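**Q** Need coordinates for the below:
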Amino acid sequence: IFFFPLSVEVGVRVEAYNCEEWAKGHARHINSAFFIFNAIKENGELFTFPRVKSTTKDGLRRYHEATARKRIRLARKCVLLRKADCIPDPWDKSNQENIINSNIATLTKMAAKPGWKITRTLDRIKIFTLEEDVLATKVEMQVRIPSERAFSLLSDFTLQAHWDKYYSTSRIVQNITEDDKIYCITSPSVNGNKSNDFLILLSRRKPCKPGDPYIIAARSVA
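**A** Coordinates of the predicted model:
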C-alpha cells in the first residue's frame, strides 16, 4: 500500500493453490493488479492522507515504482484526451533509469533461464514454454534478411500496423532516449466493443560485441 496526498495505491496478487505447485508447497501466480482509492469527506472534498515514509530499501523501490505509475497514469490520461501540450514527464530523473534497466534485464534473465521446452514447430518458427511462478512463452523465428535490418524493423513500433492485425495505430508519445521510447498503441475493436489502447515502453539494444544478441524489450506502462 502506498499513500499519495489524495489517493492510495493498493497492490493485489492473485495466486492459485489447487495446482501442481501447491503439492510442492508453492502457489501459482495468476495475476497482479494495482487499485487506486480515494477517500471523500462529507462535504464532497477529497481527504488528504498523511505522509508515510518508507524506511527499507525494498520499500523505497516500491515507492519509486508507485510514483512512476502515477506519473504514467497522468500521461496516459493526457494522451487519451489528445492534450499533447500537457503530457507530463512519466518518470522523474531519479527513477527513469531504473525502470528502463529493469525492462532490459527482465527480458535478458528470462531468456537465459534453463528449462525452456519446445511445444510446437511451424516451418521456421519454434515455440517454447517455461512454467515457474507464471507461464512464459518464447518464440524463435528464422528470417532471411540481415540481423541489423530485422532489428531496425521490429524495434520501430510505428511500422507494426503494416503487418500486425492487432495494431490499428501506433505513435511515439515520448522519446526518452534514442533507444528508449513510449508508444501509444490502439487495437481494433472486437465484436463491436470499444477499441483498446496501451502505453508501451520499448527499449532496444544493439550487440556490445560479436555474438551478443540484439535486444528489443517491451512492457506496458499503464
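**Q** When you work out contacts or count neighbours from here on, use the C-alpha atoms and nothing else.
**A** Noted.
**Q** lowest-pLDDT helix or strand in the chain?
**A** strand 2-3 (a mean of 66; mean pLDDT, DSSP states H and E).
**Q** what mean pLDDT would you report for the helix or strand encompassing Tyr63?
**A** Tyr63 is part of helix 57-80, with elements assigned from DSSP states H and E. Taken as a whole, helix 57-80 has a mean pLDDT of 73.
**Q** try stretch 199-209
**A** Stretch 199-209 comes out at a mean pLDDT of 88.
**Q** How far off centre is it?
**A** 13 Å (Cα atoms, centre = their mean, to the nearest Å).
**Q** How about stretch 215-222?
**A** Relative to its parent chain, stretch 215-222 has a centroid offset of 5 Å by Cα atoms, centre = their mean.
**Q** same deal with stretch 111-120?
**A** 22 Å.
**Q** buried sites along it?
**A** By neighbour count on 16 or more other Cα atoms under 10 Å, the buried set for stretch 111-120 is Trp116.
**Q** what do you get for stretch 166-182?
**A** 167-170, 172-174, 176, 180-182.
**Q** Farthest-apart pair in these, please.
**A** Ser168 and Ile176 (23.4 Å; Cα to Cα).
**Q** quick one: the strands in this protein?
**A** Secondary structure of the chain (DSSP state E): strands at 2-3, 8-16, 28-37, 117-122, 125-131, 135-141, 169-175, 180-187, 196-205, 215-220.
**Q** among the ones you listed, which is nearest Leu60?
**A** strand 2-3 (10.5 Å).
**Q** so where's the chain shaky on pLDDT?
**A** Scanning the chain for pLDDT under 70 picks out the ranges 1-3, 19, 21-23, 72, 74-96, 133-134, 192, 222.
**Q** redo that, cut-off 90
**A** Where the chain drops to pLDDT under 90, the residues are 1-145, 147, 154, 159-178, 181-201, 208-213, 218-222.
**Q** residues in contact with Gly44?
**A** By Cα atoms under 8 Å, 6 or more residues apart in numbering, no residues touch Gly44.
**Q** Please report the distance of it from Arg28.
**A** Counting by Cα to Cα, to the nearest Å, the gap from Gly44 to Arg28 is 42 Å.
**Q** Wait, Ala183 touches Val173, no?
**A** I think there's a mix-up here, since residue 183 is Tyr and not Ala. Yes - taking contacts as Cα atoms under 8 Å, Tyr183 lies within contact range of Val173: 5.3 Å.
**Q** Quickly list what's touching both of those two.
**A** Both Tyr183 and Val173 lack any common contact, where contact means Cα under 8 Å, 6+ apart.
**Q** need the contact list for Leu107.
**A** By Cα under 8 Å, 6+ apart, the residues touching Leu107 are Ala217.
**Q** What separation is there between it and Arg124?
**A** Distance from Leu107 to Arg124, by Cα to Cα: 22 Å.
**Q** same deal with Trp163?
**A** 18 Å.
**Q** again with Gly59
**A** For Gly59, the distance to Arg124 - Cα to Cα - is 45 Å.
**Q** Those two: which is more packed in?
**A** Gly59 (13 against 9; other Cα atoms under 10 Å).
**Q** Who are the contact partners of that one?
**A** So Gly59 contacts nothing (Cα under 8 Å, 6+ apart).
**Q** how close does Lys126 sit to Lys138?
**A** 8 Å.
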